[in-house]
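[1] 3D, please:
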Amino acid sequence: MSDLHRLCVIPGDGVGKEVIPAAVAVLRGVIDNLEIVEAEAGWETFQQMGTALPAETLDAARRCGSVLFGAVASPTYPVEGYRSPIVALRRALDVFANIRPLIGWPISTAHPALNLIVVRENTEGLYGGKERLEGDTAISERVITRAGSSRIARVAFELARPDKRRVTIIHKANVIRVGDGLWRSTCLEVAGEYPDVENDEGIVDAVAYHLVRDPGRYDLLLCPNLYGDILSDLGAGLGGGLGMAPSLSLGEQYAIAEPTHGAAPDIAGQGIANPIGAILSGALLARHRWQRLNAADAIEEAINQVLDSGLRTPDIAGAGEEAVGTEVMTQAIQDALR
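    Residues are numbered from 1 along each chain as shown. So this is what the prediction gives:
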């Protein structure tokens, strides 16, 4: 493997233009052989170019192999020709495994017991785009395949092994007997290949309830697409908010790192967005894509030190805590790395 790591950087819309440069700056501090290729995507790109994901951007993503994506502002009304660029990019690169670590960081808005990974299937389910109107009836097709379920289950069990995490298979097979039934049975078949990894299963609504009541109850949740989307955001709320939550989408050839928050137009341009989710997403790239474990550990430890010191952006500041902006938080993390 070459020591050169190429990264396609797509800030996107809104606060993505503020937090992604922060993440790149931090990555440069721990990975000295990082080549940056800048590209465009998002709602603003659609307005300017008539496409939210230009062919040049997709080509750059494929050439680099690794992508750091910011945020997307989507219209609240139907716009002819517009498709979510991040969804289109995920499908084009077949990054089927979405990994979302959720940690109880040392802030007042987080639960200290939280130490959870949500592993979410990223290409199937209700997000497959198979929808139609038949008169006054809307029909959305949910597709679950044995192959898709099997490959994401193996990612989850491999991820669970090093830290001896228990894998909880999430489903609603008591009601959705065919679709969730196939998901459940396939995941249990894969579980049989990992006798050294503890596993159990949970009905999605019951798991949501128990997660709120006892954030330390679960180690790793293995989820189909929609359930994983919902439970990971619930977990982000327990971990201090979306500004703290990273994600990494992995495939056989490509990877996309992105903070889980949106474009946040209400605060965009004010310099107060929390860069930690984006910075931690960069750390996930370093850990899982480039195998630079020391670099990832250093970033996470620097963030822990800065939060321990009491520094807060407005979204994670508790009562009476002074808040700082994006640049101050980023600089403090960079200083802690030195």
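
[2] which stretches of this protein form strands?
    5-12, 34-38, 66-71, 97-103, 115-121, 131-134, 137-140, 167-171, 199-203, 220-223, 248-250, 255-257 (DSSP state E).

[3] burial measure for the residue nearest to Leu221 when sequence neighbours are not counted, as a count.
    In this structure, Leu221 finds its nearest non-sequential neighbour in Val118, 4.9 Å apart by Cβ to Cβ, 6 or more residues apart in numbering. The C-beta positions use only the backbone N, C-alpha and C, and glycine is treated the same way. Other residues lying near Val118 total 28 when counted by other Cβ atoms under 10 Å.

[4] what's near enough to touch Val118?
    98-100, 102, 220-221, 223, 228, 231-232, 235 (Cβ atoms under 8 Å, 6 or more residues apart in numbering).

[5] please pick the buried ones from the residues you listed.
    Buried members of those, counted by 16 or more other Cβ atoms under 10 Å: 98-100, 102, 220-221, 223, 228, 231-232, 235.

[6] list the contacts of Arg83.
    52-53.

[7] what does it show for phi and psi?
    phi -130, psi 150 (degrees, to the nearest 10).

[8] which residues are contacting stretch 36-54?
    Contacts for stretch 36-54 (Cβ under 8 Å, 6+ apart): 6-10, 12-13, 16, 24, 56-57, 60-61, 63-64, 69-75, 79, 81-86, 88-89, 92, 263.

[9] picking that back up, distance check, the residue nearest to Leu221 against Asp219.
    11 Å (Cβ to Cβ, to the nearest Å).

[10] just checking, Ala302 touches Arg338?
    No. Ala302 is not in contact with Arg338 according to Cβ atoms under 8 Å; the separation is 9.1 Å.

[11] can I see the domain layout of the protein?
    For the chain, the structural domains run 1-100+241-338, 111-238, going by automatic domain parsing.

[12] buried residues in the lowest-mean-pLDDT helix or strand in the chain?
    Lowest on mean pLDDT, DSSP states H and E among the helices and strands of the chain sits strand 131-134, with a mean of 90. By 16+ other Cβ under 10 Å, strand 131-134 has no buried positions at all.

[13] and that strand, what does it pack onto?
    strand 137-140 (3 or more Cβ pairs under 8 Å, 6 or more residues apart in numbering; DSSP states H and E).

[14] partners of the strand it packs on, with directions?
    In the sheet, strand 137-140 lines up against strand 131-134 (antiparallel) (DSSP bridges).

[15] residues touching the partner strand, excluding its own?
    Contacts of strand 131-134 (Cβ under 8 Å, 6+ apart): 138-141.

[16] hmm, back to that, which of the domains of the chain sits most buried?
    domain 1-100+241-338 (a mean of 19; mean count of other Cβ atoms under 10 Å).

[17] what mean pLDDT does that domain have?
    Averaging pLDDT along domain 1-100+241-338 yields 95.
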